[in-house]
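Asks: Sequence and predicted structure are below.
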Amino acid sequence: MNFPILSSLILLPSVGAIFILLSKSKDQTNYQSSKYVALFVSFSNFFISLYLWYIFDPNITDFQFVENRSWLPGFINYKVGIDGISILFIVLSTLITPLCIISVNKTITTKLKEFLIAILIMESLMIGVFCSLDLVIFYLFFEGGLIPMFLIIGIWGGARRVYSAFKFFLFTLLGSVLMLIAIISIYWINGTTDIVELYNLGIGENYQNLLWLAFFSSFAVKTPMWPFHTWLPDAHVEAPTAGSVLLAAILLKMAGYGFIRFSIGLFPIASENFVPLIYVLSLVAIVYTSLVALMQEDMKKLIAYSSVAHMGYVTLGIFTVTQQSLEGGIVQMISHGLVSAALFLCVGVVYDRMHSRLIKTYGGLASIMPKYAVFFMVFTLAAVGLPGTSGFVGEFLILMGVFKKSFLVATIASLGVILAVAYMLWLYKRVIFGELINKDLVKMLDLNKSEIFILMCLAIPTLFFGFYPEPLLNTIEASISNLIDTYNYKLSLTK
Amino acid sequence: MENINFILPEIFISLGIMFLLMLGVFKKNGSGIVYILSIVTLLITLGLIINFPSGQEVYLFNNSYKIDQLSTFMKIITIISGIFVLFSSYKYTKLEKIFTIEYSILILSSILGMMVMISAYDLIVFYIGLELQSLSLYVLAAFNKDKTKSSEAGIKYFVLSALSSGLLLYGCSLIYGFSGSTNFYLISENIHSSEYGNIFGIVFILVGLAFKISAVPFHMWAPDVYEGSPTSVTLFFAVVPKVAALTVFIRFLYVPFVDLIDQWQMIIIFLSLASMIFGAVSAIGQKNLKRLIAYSSIGHMGYALAGLAVGTNSGIQSSIIYICIYLIMNLGFFCCLFMMKRKDEFFDNLEDLSGLSKNHPIISLSMLILLFSLAGIPPMAGFFAKFYIFMSVIEESMYFLAIVGLVTTVVSAFYYLKIIKIIYFDTPKEKYDQDHHFGLKISLTVSTLLILLYFIYPSGLINFVSKINII
């Protein structure tokens, strides 16, 4: 494969952004054409990534489509490539981005051009994160994502947007600088930052704990794990709908991906050592944030807290390191990417009409917005992990894996499932069912075509993978078993 | 006689200064032509320096003057930034009525002083260069003589700088007394830590030099002088003398004092840590952009010093890369300041930036890029500058320095973000004038693009700098 397909995936959105940047005049027609450019670019990126998934060979455990170019000579190479784990996240990113661009119709009234540029650059960086095979390149993409997201929250956000944007930026940056130190240390310990070489070389046992903690500080903030999650509700609530969607669907997944790729892959001994820590934090996240979510009056905040709980399952699954639990973790991330995106879009739909995110504003929407009620139902059930939705596959696999390791942890984690049902269904009940108390709601229109299209795009894969998760599991199976084999092999070396 | 070939740039620039002085005296309203000729002089000098065959080390005048990779490179960036300063501040100086012949000539003469400093290999030659540079800078700081703030800045800078020069000279005399020579190489042969005079001498010299690059705790002058001086002079202060001072730092630490690394390393680490922390924390409350830049440059000098503290070639190289990138960022930032004028009046307060993005999207975008770069966020050049520094710091396992340095970047990110917040999130104010001089536009475009696109080809600068081997 000579054509640099991954680099073109990364570059294409940026090229589109430059196009939009250079287009002149500020009238309304121009906004439309900018939007068409952005849509065209992001959809073509989506199809390229689908094609990539199609030609991707799931039976090979090595990285595929690898590109290696000299960048800092004798030092760091620009190296990208994908395996079964990253391809799914790339497809997820390229799917979510065009949906975000469609959704800007009503939400973004000012500076649409800049917004589209920010989203497209964000897409470039997100894809870059998932396919970089060098720690420094990874760090560049990982950190670079802060800039567009900061602007998305800060410029187009709600009332407390400045506070939230600053909190988001500084929290994540503080976590990440420690990772930078760890990356540089790895370079001086092993003489390379190339991930494939590092997998082969392995990292000295006595360094692993500290390095693991440094990486953990970055990913734990990004995931976000309890108690580093406080930026998330703020950021979600204040961000515009498209921003929340990107944040929940993809940015959080970067951390999960990082845990799999780096914490498990590079530091197996330390990962094993810190399993109790991860278990405790994940369980607290699952139970505590679910309880917090129960008490929320703001819909976005509720979904944000539910994200923390869902990511708790993910970290639980990842660090259990069994075939089922890791597969479950990844499926859960993909599913959460689809479902939380859809839920934020659902909130966005009513927010556009009523300009309120408070649960008590609504009630009885089922009678005036039946289509909306149906879609909301699908995603609510997917979020609680009803069999037949992708959420179930993920949670089930994770819990199955965890049961093997620790009965107690799995039991507590299963309790979280009940709590999730409680807060999600209660939310649904309060918003959709009941009497139509607020008379202003009567004027609300049901979903229009573009909204239906967006929600369809998310509902179909949610249900499809719920009934037939085979394509997902097939893609990741070989990569994960390879990962687990090396993990156990490296552990056995030290014993 | 063949020595003349090697110091041709210095000779040319001094002849240029004298000629321009005469021209200015005898020609009425000659400031325009002097301005253009100064740029031409600098360009020719630049050409003469580049012409010097690379890879050669030449000692001149009884080993008191050294021309090598380091000095050539530093002279090149000094002169290039000098040209950019003159180029970008044309309109500003005109409107502020400081566009006189002396302005250009003083900049030229301070650059000459810096060139002598950069090449000096002898205490006396070094001191001559330093004084030539400093005297020109005193006058420049006070150049807007109608404004009290400018005069105040000049006086403050003069008094404090004279004091630090005194300390430096005292250090030099101690070193001379205890080692018996003024030549850098001979000093390095005869200097011993067993004699306290040498240690005192080193401390005094380091204090003097730390003052010149405004490292904490010798930074007191910087905020006032930066704020009071005309903006074009502040730009000059913020970038050009730092290059020369850093070179002198490298020379002193790694030639005469190289054997006493145990003695000075702690001092440099302290200066570096203090500057990073102080620069980051105290910039947060600033309301004036020039003052803020003063504090931010204190912080940045802390990072550059961290590279020097390491004591390896890669450390020195990372400092040099840092200073280059720092220079471009500041150049771009000041270009934005020059553009903030309304009805021929310039603004330099933080609140004047409020909502700039609405009316001036291009300037705001440049500011955004430059500020993120100053904060060290990838993929801007500022990140790479810090990356190289921490690369060399961690190579020597100085984790404490690295962790403090990186945590202070988070703190300093806060005030850079604050500026971005004011530009992008706040309500817009009145429009600024759009009639910018083309030199200003070019300077801004070039510096912003360099910062933004550095990541595409980062090896260019490294290849240059990696030729500089001091140890």
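Replies: The structure has been received and is ready for your questions. Keep in mind that this is a model prediction, so the values were computed, not measured. Residues are numbered from 1 along each chain as shown, chains lettered A, B, ... in the order given.
Asks: Show me which residues of the one helix or strand in chain A whose mean pLDDT sits lowest are buried.
Replies: Sorting the helices and strands of chain A by mean pLDDT, DSSP states H and E puts helix A:365-368 at the bottom, at a mean of 84. Of the residues in helix A:365-368, A:Leu365, A:Ala366 count as buried by neighbour count, 16 or more other CB atoms under 10 Å in any protein chain shown. Glycine gets a C-beta too; all of them are placed from N, C-alpha and C.
Asks: The closest residue to B:Ser214 other than its chain neighbours sits in which helix or strand?
Replies: Spatially, and ignoring its direct neighbours in sequence, B:Ser214 is nearest to B:Ala222 (4.1 Å; CB to CB, 6 or more residues apart in numbering or on different chains). Using DSSP states H and E, B:Ala222 falls within helix B:221-228.
Asks: Same check on B:Ile470?
Replies: Per DSSP H and E, B:Ile470 falls between elements, in no helix or strand.
Asks: Can you report how many residues lie near the residue nearest to B:Ser214?
Replies: Other residues within reach of B:Ala222, judged by other CB atoms under 10 Å in any protein chain shown, total 26.
Asks: Next: A:Gly329.
Replies: Residues near A:Gly329, counting by other CB under 10 Å: 29.
Asks: With A:Asn482 instead?
Replies: Residue neighbour count, defined by other CB under 10 Å, stands at 16 for A:Asn482.
Asks: ok, it to B:Lys242 distance?
Replies: Between A:Asn482 and B:Lys242 the computed distance is 52 Å (CB to CB, to the nearest Å).
Asks: likewise A:Ser132?
Replies: 35 Å.
Asks: can you tell me which residues contact B:Cys324?
Replies: Neighbouring residues of B:Cys324 by CB atoms under 8 Å, 6 or more residues apart in numbering or on different chains: B:Ile77, B:Leu461, B:Val465.
Asks: Out of those, which is nearest to chain A?
Replies: Minimum distance to chain A across these is 10.6 Å, recorded for B:Leu461 (CB to the nearest CB).
Asks: The closest one: helix or strand, and which one exactly?
Replies: Per DSSP H and E: helix B:459-465 holds B:Leu461.
Asks: That helix and chain A, any residue contact?
Replies: Yes: applying CB under 8 Å from any CB of the partner chain, one finds helix B:459-465 touching chain A at B:Ser459, B:Ile462, B:Asn463.
Asks: Which helix or which strand is home to residue 329?
Replies: If you meant another chain, say so; for now it's chain A. helix A:323-354.
Asks: that's the wrong chain, I meant chain B
Replies: B:Met329 belongs to helix B:313-339 when assigned by DSSP H and E.
Asks: Could you list the buried residues of that helix?
Replies: B:314-339.
Asks: What's the per-residue pLDDT of residue 213 here?
Replies: Reading this off chain A. With respect to pLDDT, A:Leu213 has a value of 92.
Asks: I was thinking of chain B, sorry if that wasn't clear
Replies: For B:Ile213, the model assigns a pLDDT of 89.
Asks: residues near the closest residue to it other than its chain neighbours, how many?
Replies: Nearest non-adjacent residue to B:Ile213, counting by CB to CB, 6+ apart: B:Ala245, 4.4 Å away. B:Ala245 has 26 neighbours, counted by other CB under 10 Å.
Asks: and what of B:Gly177?
Replies: With other CB under 10 Å as criterion, B:Gly177 counts 12.
Asks: got it, and the one 3 residues further on?
Replies: When neighbours are defined as other CB under 10 Å, B:Gly180 has 12 of them.
Asks: what's the burial count for the closest residue to it other than its chain neighbours?
Replies: Nearest residue to B:Gly180, sequence neighbours excluded (CB to CB, 6+ apart): B:Asn190, at 5.8 Å. Using other CB under 10 Å, B:Asn190 has 15 other residues around it.
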